[in-house]
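Asks: 3D, please:
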Amino acid sequence: MDALVENTALPVLRNAIWRVLTPLVKILLRHGVPYQEFAEEAKKVFLEVADAEFALSGRKQSSARVAILTGMSRKEISRIRNRSGQTDQGAREPHNRAARVISAWVSDPEFQTAPDQPMELPIDGVNPSFTDLVRKHSGDMLVRAMLDELVRVGAVEVVNRQVRLVNRAYIPANSEVEKLRILGTDVAALIETINHNLQSKDAPLFQRKVYYDNLPEEALAQIRILSRTHGQQLIELMDKLIQPYDRDINPEAHGQGRCMAGIGVYYFEKFSATEISP
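Replies: Alright, predicted model coming up:
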């Protein structure tokens with residue numbers, strides 16, 4: 001990037017950092033995460049990204065080059081590299097499988113009374129059953145564990161050993177920890193899309209929004225309803241269209257590599273519209 005473009009983009013990028021960090025810092029402070037802890041995590045991310053994405057072609061990434069890229073000292077880089085990293089992958093797995101079971105329940109004809117009408121299922125003993133659903137669409141997760149998880153988040157009700165779907169999405173309404181995991185996945189996915197569109201010379205990934213900045217407060221309740229209704233319809237439609245390509249669901253779907261793709265829909269509002277206007 002030449003100096004002119006760099007100098008032109010920097011103020012805009014700084015403003016973007018401010019906007020992205022402001023809601024994140026609200027969450028961090030509410031959960032007692034001080035600046036120093038945030039800064040330590042940020043250093044780890046700078047180091048990992050510099051190592052993975054900014055190495056010179058055909059050469060191993062050196063601490064000296066990482067120091068130049070990140071502004072950290074080589075001593076600091078060595079300290080961070082020697083610390084063991086943490087991962088939330090194991091904790092995310094039940095979430096992924098629970099979401100997959102709900103998705104299958106609203107799309108797999110075997111578990112429906114009619115198109116888009118999930119069947120009320122006995123826990124076991126009759127075909128089709130909730131046990132059949134879990135074994136078909138969640139891998140090797142225990143049926144009891146899956147049922148407990150879906151009950152816990154309010155996705156299903158169990159009456160007389162019959163399981164009824166009451167929420168067509170996996171939304172951990174009562175678990176702040178699960179909501180924070182969603183923060184880590186959904187926001188990251190959106191920023192990855194924006195990053196792709198900023199640097200890619202190929203076709204951009206789909207990224208759109210619609211908003212108005214002079215709405216009366218009284219209109220927001222109806223707009224929320226519209227967003228939930230039509231947003232859910234879009235998600236369910238895309239779920240049905242993408243499912244045939246997933247080899248976990250459709251073993252006949254062949255091809256190379258293992259990729260992830262999806263579509264996210266979110267609603268936003270502010271009582272001071274100037275805070276979010278571009």
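Asks: if I look at the closest residue to residue 110 other than its chain neighbours, how far off is residue 119?
Replies: Of all residues not flanking residue 110 in the chain, residue 128 sits nearest, at 5.5 Å (C-beta to C-beta, 6 or more residues apart in numbering). (C-beta placed from N, C-alpha, C; glycine too.) Counting by C-beta to C-beta, to the nearest Å, the separation of residue 128 from residue 119 is 7 Å.
Asks: so the two - more neighbours on which side?
Replies: Taking other C-beta atoms under 10 Å, residue 128 and residue 119 do not tie; residue 119 has more neighbours (20 against 15).
Asks: hmm, back to that, hang on, the residue nearest to residue 110 packs against residue 111?
Replies: Yes - with contacts counted by C-beta atoms under 8 Å, residue 128 reaches residue 111, the gap being 5.5 Å.
Asks: tally of neighbours for the residue lying closest to residue 206 once chain neighbours are set aside?
Replies: Among residues not flanking residue 206 along the chain, residue 263 sits closest, at 7.6 Å (C-beta to C-beta, 6+ apart). Using other C-beta under 10 Å, residue 263 is surrounded by 13 other residues.
Asks: go on, residue 127?
Replies: Using other C-beta under 10 Å, residue 127 has 9 other residues around it.
Asks: and residue 188, by the same measure?
Replies: 10.
Asks: again, but for residue 47
Replies: That count, for residue 47 with other C-beta under 10 Å as the rule, works out to 21.
Asks: give me the distance between the residue nearest to residue 110 and residue 255.
Replies: Computed as C-beta to C-beta, the residue 128 to residue 255 distance reads 29 Å.
Asks: the helices in the chain, which residues?
Replies: Using DSSP state H, the helices of the chain run over residues 3-30, 35-53, 63-70, 74-81, 89-105, 130-137, 143-152, 176-199, 220-242.
Asks: do you know which of these lies nearest residue 166?
Replies: helix 143-152 (9.5 Å; C-beta to C-beta).
Asks: which residues are in contact with both of residue 128 and residue 119?
Replies: residue 111 (C-beta atoms under 8 Å, 6 or more residues apart in numbering).
Asks: ok so, going back, any shared contact partners between residue 128 and residue 111?
Replies: Both residue 128 and residue 111 are contacted by 119, 121, under the criterion C-beta under 8 Å, 6+ apart.
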